[in-house]
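[1] A predicted structure for the sequence below; I have some questions about it.
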Amino acid sequence: MKRFRQKSSHSIHRPDLRDNCVPGLVAAWALTTPAALAVTAELQELTYGELDRRANRLARDLRSRGVGPDVLVGLCVPRSADLVIGALGVWKAGGAYVPMDPAYPPERLAFMLDDAQAAVLISSSRIAGQLPATGRETVHMDAPQVASQSADVPSVNTANTAATDLAYVIYTSGSTGRPKGVEITHGSLANLVAWHRQAFSVTAADRASHVAGLGFDAAVWELWPYLAAGASVHLADEETRNSADLLRDWLVAQRITIGFVPTPLAEQLLTSSVTWPRDSALRLLLTGGDTLHHYPPADLPFDLINNYGPTECTVVATSGRVPPERSPAMLPPIGRAISNTQVYVLDEHLRPVPTGAAGEIYIGGVSVARGYHNRPDLTAERFIPNSFDPAPESRLYRTGDLARLLPDGQLAFLGRIDDQIKIRGYRIEPEEIVRALNRHADIQGSVVAAREDSPGDKRLVAYVVGNGNGDLTHTGLRDFLRDLLPDYMLPAAFVRMDAFPLTAHGKIDRAALPAPVPSNTLRDDVPDVACTPTERRVAEILGELLELEEIGLDDNFFLLGGHSLLGAQLIARLRDAFGVEIALRSLFEGPTVAALSAELDRLAGGDLAEVRQPNDLNPDRSAPSYVPQGSGMDRGL
């Protein structure tokens, strides 16, 4: 097998957009190999010729609506080939797209459209009812007016795209309580694509996976390096992309050669007891988005590549192969800087720290974003002059991440220097959740923190002080927040507080915030007590897994803090305890003690009068984790 080798990135050059403009490269493949497969999504298959023609039609419609250079267009479509057609069509019209996940609450989608001042919204008629009423022009990709447009290349010539033109604006969680849009130019995107194609030897024969959520910047990375190289991109469906076991089988069955898997799912793939088939076509598994805790087993038939990079630096800033070896003193490193990108580890005076010393990561080079959309104050704060580069326009992005430079030139990631949280690959600013919580009529104040009271189980916890005007409940607060925030930002537990602990300086003492326990955690009603042997044992297992002393018959696993990764452990523990296996879909359709017990009894052909003792359980066994589309639980990367 051809193994990955990290290539030197010390040489600095500016990408030539005449040769590396991404829409121009994709269009070139449409001319030379129009019948070649470009994109698959469930039952959809799109050739390069079809992709180009449909994008041309959309571009002509957008041009008639005034879309041109640096004009932003909202792109809110289901997980399908429409995502690729829509983005390429916006570029062919000369504009920049704003990716928007249809699963986001309407209020958040409306904010993104208004903040971006999007001229047009691209969507589909089948999700029209989910979209906010904003009064702006909406183009349905399946509408007759788009299909009737000419498929000829529009008047805007993609070969003339300027490096400084915007390619896309992607929104991330904001420390000020509202999301912020990151402006990425075609020059930055072209550099990412050129590095990726060279570093991973991408050819037209490659078959790449697309797994990340549509609002996550990795979704950009999973498309354009491959479509710019004439390869094919295969979009995994919602069920597959949220289950480690299903995803592994899908990667093998689809003959994927290069795949990206967000860190939490990658860790499940690495630690699974199921071996990869030796004839797997997969040669590279890329991961990133969170801290990697495991080194790969020595018998993997492919290389594992760990990647790091904030959205503000065009997805990837550092990359490196993770060797199949275990170092108990150090987590797997995050690699070295990619081409035309400089990474510095600096102290508080912006001076390089010695090798091995901790410092903050600053990133410079072609990958650095233009800034935050319509946020000159925040842009000036985070994008600072680059004292290491004499070019007057050169800037450094201050990441807020801590790292140390290793003797071999790689970086070891050490965490954050502020309150920003990473959970299951998503970047979350607690202040955005606090701002939403404080809109509740019965809340006086709130604090949100990430807790990891059990190793590897990081979850969001909200601490709330009520104003005495109403009864706060877990379900009530979750439902309230669900109208304002994406599901991945919903706290797993709500702790009632009389007042917040303070430091000697009068600030909230986060270290003194208590762990969620039954006595301080918001619940809904007095739980009904489990009666049958099956119900009692199921309640015990849920209590052990969720670290709760009291579980009622109708308590919902997900509303008590469960998520897809814990769901995998729950399925495994129930299998060990009862000797029968609950289908994954059953957990999401009936996630209560009562429903799970009834399903276990049904599978066993009657009441399970005897169950295995707790000490017979193997808590480390894993099972697939699955989140069905529209379940409202853990829409991941």
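    Great, that's in hand. These numbers were taken from a predicted model, which means no experiment stands behind them.
[2] residue 462 - that's part of a strand, no?
    Yes - under DSSP: H, G, I helix; E, B strand; the rest coil, residue 462 sits within a strand.
[3] once you drop chain neighbours, what's closest to it?
    Distances taken as C-beta to C-beta, 6 or more residues apart in numbering place residue 491 nearest to residue 462, at 3.9 Å, with adjacent residues excluded. C-beta: built from backbone N, CA, C; applies to glycine.
[4] which parts of the stretch 351-500 of the chain are strands?
    Along the stretch 351-500 of the chain, the segments classed as strands by DSSP state E, counting those that start in this stretch run 358-365, 371-372, 383-385, 395-405, 411-416, 421-423, 426-428, 443-454, 457-466, 493-496.
[5] select the longest helix from the protein.
    Assignment by DSSP state H gives helix 48-64 as the longest helix of the chain.
[6] may I have the strands that pair with the following helix or strand past that one, each with its orientation?
    Downstream of helix 48-64, the next assigned helix or strand under DSSP states H and E is strand 72-75. When pairing is defined by DSSP bridges, strand 72-75 lines up against strand 96-99 (parallel), strand 120-123 (parallel).
[7] from the chain's centroid, how far away is strand 72-75?
    Relative to its chain's centre, strand 72-75 lies at 20 Å (C-alpha atoms, centre = their mean, to the nearest Å).
[8] among the strands of the stretch 351-500 of the chain, which is nearest residue 539?
    Ranking those by proximity to residue 539 (C-beta to C-beta) places strand 493-496 first, at 17.9 Å.
[9] got any ranges where the stretch 1-150 of the chain has weak pLDDT?
    1-19 (pLDDT under 70).
[10] follow-up on the earlier one: residue 247: which of the strands of the stretch 351-500 of the chain is closest?
    It is, among the strands of the stretch 351-500 of the chain and with distance given as C-beta to C-beta, strand 426-428, at 18.0 Å.
[11] count of residues packed around the nearest residue to residue 488 once chain neighbours are set aside?
    Nearest non-adjacent residue to residue 488, counting by C-beta to C-beta, 6+ apart: residue 426, 4.7 Å away. Using other C-beta atoms under 10 Å, residue 426 has 21 neighbouring residues.
[12] go on, residue 22?
    For residue 22, the neighbour count with other C-beta under 10 Å is 26.
[13] surely it meets residue 189?
    Yes - counting by C-beta atoms under 8 Å, residue 22 touches residue 189, with 5.8 Å between them.
[14] intersection of neighbour lists for these two?
    Shared contacts of residue 22 and residue 189 (C-beta atoms under 8 Å, 6 or more residues apart in numbering): 167, 224.
[15] residue 486: what's it in contact with?
    The neighbourhood of residue 486, defined by C-beta under 8 Å, 6+ apart, consists of 101, 103-105, 108, 215, 635.
[16] so how far is residue 112 from it?
    Per C-beta to C-beta, to the nearest Å, residue 486 is found 11 Å from residue 112.
[17] what touches both of the two?
    Residues touching both residue 486 and residue 112 (C-beta under 8 Å, 6+ apart): residue 104.
[18] follow-up on the earlier one: closest to residue 223 out of the strands paired with strand 72-75?
    Closest approach to residue 223 among those (C-beta to C-beta): strand 96-99, 10.6 Å.
[19] need the CA coordinates for that closest one. CSV is fine.
    Extracted in CSV, the C-alpha atoms of strand 96-99 (Å, rounded to 0.1, in the frame of the first residue of the first chain):
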residue,chain,number,x,y,z
ALA,A,96,-20.4,33.8,-2.6
TYR,A,97,-22.6,31.4,-0.7
VAL,A,98,-23.6,31.1,2.9
PRO,A,99,-24.2,27.4,3.9
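[20] next SSE downstream of that strand?
    Next element after strand 96-99 (DSSP H and E): helix 106-116.
[21] buried residues in that following helix, which are they?
    Buried positions in helix 106-116, judged by neighbour count with 16 or more other C-beta atoms under 10 Å: 108-109, 111-113, 115-116.
[22] ok, residues contacting that helix?
    The contact list for helix 106-116, computed with C-beta under 8 Å, 6+ apart, reads 72, 74, 76, 98, 100, 104, 118, 121, 130-132, 134, 136, 169, 171, 178-179, 181, 373-374, 483-486.
[23] do that again at 6 Å, thanks
    72, 74, 98, 100, 132, 134, 169, 171, 181, 484 (C-beta atoms under 6 Å, 6 or more residues apart in numbering).
[24] kindly export stretch 578-591 (C-alpha atoms) in PDB.
    The C-alpha atoms that make up stretch 578-591 are tabulated as PDB, following Å, rounded to 0.1, in the frame of the first residue of the first chain:
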ATOM      1  CA  PHE A 578     -30.500  -9.200  28.800                       C
ATOM      2  CA  GLY A 579     -29.000 -11.300  26.100                       C
ATOM      3  CA  VAL A 580     -31.100  -9.700  23.400                       C
ATOM      4  CA  GLU A 581     -30.300  -6.700  21.200                       C
ATOM      5  CA  ILE A 582     -32.600  -3.700  20.800                       C
ATOM      6  CA  ALA A 583     -32.600  -2.200  17.300                       C
ATOM      7  CA  LEU A 584     -31.000   1.200  17.100                       C
ATOM      8  CA  ARG A 585     -34.200   2.800  15.800                       C
ATOM      9  CA  SER A 586     -36.200   1.500  18.800                       C
ATOM     10  CA  LEU A 587     -34.000   3.500  21.200                       C
ATOM     11  CA  PHE A 588     -34.900   6.700  19.300                       C
ATOM     12  CA  GLU A 589     -38.600   5.800  18.900                       C
ATOM     13  CA  GLY A 590     -39.000   4.800  22.600                       C
ATOM     14  CA  PRO A 591     -36.100   6.200  24.800                       C
END
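[25] now that stretch: how far from the chain's centre is it?
    Counting by C-alpha atoms, centre = their mean, stretch 578-591 comes out at 26 Å from the chain centroid.
[26] just stretch 142-157 next, same as before
    32 Å.
[27] can you check stretch 170-186 too?
    14 Å.
[28] start and end of it, how far apart?
    Using C-alpha to C-alpha, to the nearest Å, the end-to-end distance of stretch 170-186 comes out at 14 Å.
[29] buried residues, that stretch. List them.
    In stretch 170-186, counting by 16+ other C-beta under 10 Å, buried: 170-175, 178-186.
[30] likewise for stretch 25-34?
    For stretch 25-34, the buried set under the neighbour-count rule, 16+ other C-beta under 10 Å, comprises 25-30.
[31] same deal with stretch 362-376?
    For stretch 362-376, by 16+ other C-beta under 10 Å, it's 362-373, 375.
[32] for stretch 286-304, measure first residue to last.
    Counting by C-alpha to C-alpha, you get 6 Å between the two ends of stretch 286-304.
[33] please apply the same query to stretch 423-441.
    Length of stretch 423-441, first residue to last, C-alpha to C-alpha: 28 Å.
[34] can you list contacts of it?
    172-175, 177, 262-264, 289-290, 419-421, 443, 446, 448, 458, 480-481, 484-485, 488-489, 636-637.
[35] what about residue 371, distance to residue 312?
    For residue 371 relative to residue 312 (C-beta to C-beta), the value is 8 Å.
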